[in-house]
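# Provided below are the primary sequence and the corresponding predicted coordinates.
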Amino acid sequence: MIVTQTPLRISFAGGGTDFRDFYMQEEGWVVSSAIDKYIHVIIKERFDDKIRVGYTKTELVDDIDQIEHELVRECLRITGITKRVEISTMGDIPSSGSGLGSSSTVTVGLLNAMFTYLGETKDAATLARLACQVEIDILGKPIGVQDQYIAAFGGQRF
């Protein structure tokens with residue numbers, strides 16, 4: 001069983017300058033800090049071929065394409081995990097609409113847990129880059145990149 005803890009964040013300045021359309025044309029900067037509230041991800045092997053996903057809902061499916069939780073689904077695709085796995089996510093605070101970067105924190109936490117489950121170690125920069133790929137490139141979320149990077153690196157960043 002793998003258990004990860006990934007920090008949520010507070011942004012102090014520069015929000016919006018971390019959007020690709022902005023920083024590809026202008027210099028962007030953000031000031032943000034990880035906080036002592038976390039998203040926890042638990043992943044373990046199942047004894048059948050199904051995939052179980054637990055969050056505010058519970059899903060039990062035969063195939064990745066059946067997973068409603070888009071972050072879990074796309075992280076499974078990125079990591080190549082296809083079956084026999086149980087994944088649960090939980091947060092220290094209600095995360096929906098909190099403004100604390102929760103979806104990106106979930107994504108970084110999922111990727112970290114999944115790669116660890118596979119016996120692979122990914123550095124913080126790789127986890128952040130892959131989380132951006134999932135949320136921005138694959139799912140088309142209209143978000144910037146600060147959330148993924150602060151979740152992956154932690155601490156205070158400029």
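Perfect, thanks for sending it.

# in the longest strand seen in the chain, what's buried?
The single longest strand within the chain, with elements called by DSSP state E, is strand 31-45. Neighbour counts over strand 31-45 (16 or more other C-beta atoms under 10 Å) mark 32, 34, 35, 37, 38, 39, 40, 41, 43 as buried. C-beta: built from backbone N, CA, C; applies to glycine.

# Would you map the helices across this protein?
Secondary structure of the chain (DSSP state H): helices at 20-23, 70-79, 102-117, 124-132, 146-153.

# pLDDT of the longest strand of the chain, averaged?
The pLDDT scores in strand 31-45 average 94.

# Give the partner strands of it in its sheet and their orientations.
Pairing partners of strand 31-45, with direction, according to DSSP bridges: strand 2-13 (antiparallel), strand 85-91 (antiparallel), strand 156-157 (antiparallel).

# what's next to the first one, contact-wise?
Think strand 2-13. Outside strand 2-13, the residues that touch it by C-beta atoms under 8 Å, 6 or more residues apart in numbering are 29-44, 91-93, 95, 98, 100-102, 105-106, 108-109, 112-113, 116-117, 146-147, 150-152, 154.

# Tabulate the helices of the chain (JSON lines), appending mean neighbour count and mean pLDDT.
Below are those laid out as JSON lines (neighbours: other C-beta atoms under 10 Å; pLDDT from 0 to 100):
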{"stretch": "helix 20-23", "mean neighbour count": "13", "mean pLDDT": "60"}
{"stretch": "helix 70-79", "mean neighbour count": "20", "mean pLDDT": "98"}
{"stretch": "helix 102-117", "mean neighbour count": "26", "mean pLDDT": "97"}
{"stretch": "helix 124-132", "mean neighbour count": "20", "mean pLDDT": "97"}
{"stretch": "helix 146-153", "mean neighbour count": "26", "mean pLDDT": "90"}
